[in-house]
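Trainee: structure for the following, please:
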Amino acid sequence: MERQAKEQALREQDRGLWATTICFVLGTTFGTLLLIGPPRPLAGPGSIMMPAALVAGVIAAAAFVVSTLQHRRGETSGMPRWQTVVSDVSSVAVTIALGGVTALGTLLGAEVFASGLQDISLVPLVGGIFTGVASAVGGRLAYAAGVDLRTTDLAALLFGFLIIGTLFAMITAADPLWWQKNFSQLGGGMGAWAFNGTLMVAGLLIATVGSYIGRDLHRLLGDGALRRIALVVIAWALAGAALAAVGLLPITLVPTPHFIAATAALVLFVVAAVVTVLVLPKECSRTLRATTLAVVAVVVLAVVLAFALRLFPITALEAIVVGLALLWMSTLVRLLAILAPDVSRPSEVRSPLRRL
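Mentor: Numbers count the residues shown, from 1 in each chain. Okay, here's the model as predicted:
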């Protein structure tokens, strides 16, 4: 058995290397073709970064689709239609998110390199190679995700995506003093699409993480808890939709709806967390309860320091709250990864809201 496991791991390693090579070749080829013409700057108007990001994002999304079809084609066999639909919709959402992460990562990389390589211009082939490298990195990660996609992987993807998207929005912000107010200021001006797009895709990811939390809970608890699990999935979907609405409603254009959406996102996240904790088995309660109490204590302290003592701006408070929320979610999904079985569990119920 150990020898078979090693051979399987080596085969997967070989496939990953082939996937990386193919993504690099495709990225270089299409990147070069799109950039044919005079040399272009690395970042800024008329640069290579937008075509490179587009190509790399599409290739990463395609790599995830190919890997999913190779490794998890029969995962939904034996499942009722509703369970298959939930699984397929979640896969589509992850595909979009992986493409978005790769595209934003390429844009951020271009901006960072451009700041250190002032006035550099790249001929089409060099720009194509840059695109190929970005495609290879994103494609390799996406291909690996398709082999065995777990809830912890999605949580890590959400965390990474928020960091990359926010950093890119900060670098390209129209107002360099945005931080004196709040993060929502990044959603206005010429580069608003970066921050707003990040929030919309992050909302999609939160809803998808909720779907996978429901999958893990079903593997752990079975059909007897389907109604409660459905409430968990719905709560996370609503929280994700509210966060996406924050990006759809920029504060510079519609401040009141933006504030309502932001408040709803925070409230719905708390509601989703509470509902999830109530469904969790007792094995999880002690660790998660301790983490929850610690998170709440730090948030209260941060609010007092920000509003009562004014030791740091609202921007810092927002960063602390979001970071702690992601820490809590990371603890949750890791606990579920320990307790929930790895094998698929087809349901015997026609509807998650109604038992047979």
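
Trainee: next, count neighbours for residue 305.
Mentor: Residues lying near residue 305 (other C-beta atoms under 10 Å) number 15. All C-beta atoms are positioned from the backbone trio N, CA, C, and that covers glycine.

Trainee: quick one: the strands in the stretch 51-200 of the chain?
Mentor: Applying DSSP state E, counting those that start in this stretch to the stretch 51-200 of the chain gives strands spanning 121-122.

Trainee: and the longest helix seen in the chain, what does it pack onto?
Mentor: Scanning the chain for the helix with the most residues, using DSSP state H, yields helix 81-116. With contacts taken as 3 or more C-beta pairs under 8 Å, 6 or more residues apart in numbering; DSSP states H and E, helix 81-116 sits against helix 49-71, helix 124-147, helix 151-171, helix 192-221.

Trainee: pull out the buried residues from the shortest one.
Mentor: Spelled out, that is helix 151-171. 151-155, 157-159, 161-162, 164-171 (16 or more other C-beta atoms under 10 Å).

Trainee: mind giving me the packing neighbours of that helix?
Mentor: Going by 3+ C-beta pairs under 8 Å, 6+ apart, helix 151-171 lies up against helix 81-116, helix 192-221, helix 314-339.

Trainee: need the residues that contact that helix.
Mentor: 94, 97-98, 100-101, 104-105, 107-108, 111-112, 145, 178, 183, 186, 191, 194-195, 197-198, 201-202, 205-206, 208-209, 212-213, 215-216, 322, 326, 329-330, 333-334, 336-337 (C-beta atoms under 8 Å, 6 or more residues apart in numbering).

Trainee: show me the contact partners of stretch 18-25.
Mentor: 59-60, 63, 66-67, 132-133, 135-136, 138-140, 143.

Trainee: ok, stretch 29-42 next?
Mentor: 46-49, 51-52, 55, 59, 110, 113-114, 117, 119-125, 127-132, 135.

Trainee: which parts of it are buried?
Mentor: Neighbour counts over stretch 29-42 (16+ other C-beta under 10 Å) mark 30-32, 34-35, 40-42 as buried.

Trainee: likewise stretch 181-193?
Mentor: Residues of stretch 181-193 classed as buried by neighbour count (16+ other C-beta under 10 Å): 182-189, 191-192.

Trainee: what sits against residue 60?
Mentor: Taking C-beta under 8 Å, 6+ apart, one finds 23, 98-99, 101-102, 135, 138-139, 141-142 in contact with residue 60.

Trainee: what about it, distance to residue 71?
Mentor: As defined by C-beta to C-beta, to the nearest Å, residue 60 lies at a distance of 16 Å from residue 71.

Trainee: equivalent analysis for residue 346, please.
Mentor: Distance from residue 346 to residue 71, counting by C-beta to C-beta: 18 Å.

Trainee: likewise for residue 167?
Mentor: Counting by C-beta to C-beta - residue 167 and residue 71 are separated by 32 Å.

Trainee: and what about the closest residue to residue 187 other than its chain neighbours, helix, strand or coil?
Mentor: Counting by C-beta to C-beta, 6 or more residues apart in numbering, residue 187 lies nearest to residue 250, which is 4.2 Å off, once chain neighbours are set aside. Three-state assignment for residue 250 (DSSP: H, G, I helix; E, B strand; the rest coil): coil.

Trainee: which stretches of this structure have low pLDDT?
Mentor: Applying pLDDT under 70 to the chain flags the ranges 1-2, 5, 9, 283-285, 351-356.

Trainee: if you set the cut-off to 50 instead, what comes out?
Mentor: 355-356 (pLDDT under 50).

Trainee: tell me which residue is most central in it.
Mentor: What sits nearest the mean C-alpha location of the chain, by C-alpha atoms, centre = their mean, is residue 158, with 2.9 Å.
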